[in-house]
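Novice: Give the three-dimensional model of this entry:
(one chain, ligands or ions: 1)
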Amino acid sequence: MAYTIRTFGDPVLKAQAAKVTDIDGKIARLVDDMFDTLYTSDSGIGLAAPQIGVQKQIFVWDMDDEPMVIFNPEIVESSGEWVYDEGCLSIPGLYVEMLRPNEVLMRGVDIDGNTIEIEASELAGRLFQHEIDHLNGVLFIDHLSRLKRERVMKKYVKAARQRSEA
Ligand code: NI
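Specialist: Predicted coordinates for the structure are as follows:
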């Protein structure tokens with residue numbers, strides 16, 4: 001079942017998500033629902049649980065028709081720099097060029113409860129950093145300077161208003 005994706009301004013997007021302690025049937029259903037929700041979007045490649053209003057440390061992604069999920073993820077190492085036009089399903093239509101580390105090592109727990117590590121760079125590395133931010137109540141625009149953030153959000157709010165009036 002697809003959920004409605006929470007958007008900018010929803011307090012759940014600013015909250016710290018809790019660690020998953022038990023990967024049970026309820027969590028497995030939630031993961032299915034997260035994929036259903038991800039696949040309702042045109043351009044999304046990743047979705048974090050807070051984006052559907054669930055304050056748990058889970059995110060799903062699908063970059064090459066390969067559905068993936070991780071629990072309690074963290075970035076344990078990062079290096080390099082990479083600029084990418086970053087966007088978010090919770091701030092639809094806004095893309096901002098952002099500099100972040102390129103290579104990352106992510107550690108977390110898989111659906112069987114095993115600790116796993118995944119190395120990634122470029123798009124996948126960016127996705128991991130972006131989704132882990134969601135689990136800590138951080139949106140990508142929070143990395144911008146206050147001045148730049150205010151400027152892009154003014155534009156975003158205006159465009160969103162025009163969309164809703166159209
Ligand atoms: Ni996002």
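
Novice: going forward, measure contacts between C-alpha atoms and count neighbours the same way
Specialist: OK.

Novice: By residue count, tell me the biggest strand in this structure.
Specialist: Counting residues, the longest strand found in the chain (DSSP state E) is strand 68-79.

Novice: need the helices for the chain, in chain order.
Specialist: If you assign secondary structure with DSSP state H, the helices in the chain sit at 25-40, 122-135, 146-165.

Novice: What count of nearby residues applies to the residue nearest to residue 95 when sequence neighbours are not counted?
Specialist: Of all residues beyond its chain neighbours, the one nearest residue 95 is residue 87 (4.6 Å), with distances taken as CA to CA, 6 or more residues apart in numbering. With neighbours defined by other CA atoms under 10 Å, the count for residue 87 comes to 20.

Novice: who are the neighbours in contact with residue 35?
Specialist: 2, 60, 67 (CA atoms under 8 Å, 6 or more residues apart in numbering).

Novice: how about 10 Å then?
Specialist: When contacts are counted by CA atoms under 10 Å, 6 or more residues apart in numbering, residue 35 is found next to 1-3, 29, 45-47, 59-62, 67-69.

Novice: How about residue 88?
Specialist: Residues near residue 88 by CA under 10 Å, 6+ apart: 7-8, 43-47, 51, 94-96, 130-131, 139-141.

Novice: If you count neighbours, what's buried in stretch 40-53?
Specialist: Residues 44, 45, 46, 47, 48, 49, 50, 51, 52, 53 are the ones in stretch 40-53 that count as buried (16 or more other CA atoms under 10 Å).

Novice: Which pair in the residues you listed has the greatest spatial separation?
Specialist: Looking at the buried residues of stretch 40-53 by CA to CA, the two members farthest from one another are 45 and 53, with 18.2 Å of separation.

Novice: Settle this for me: residue 91 is touching residue 8, isn't it.
Specialist: Yes: with contact defined as CA atoms under 10 Å, residue 91 counts as touching residue 8 (5.7 Å).
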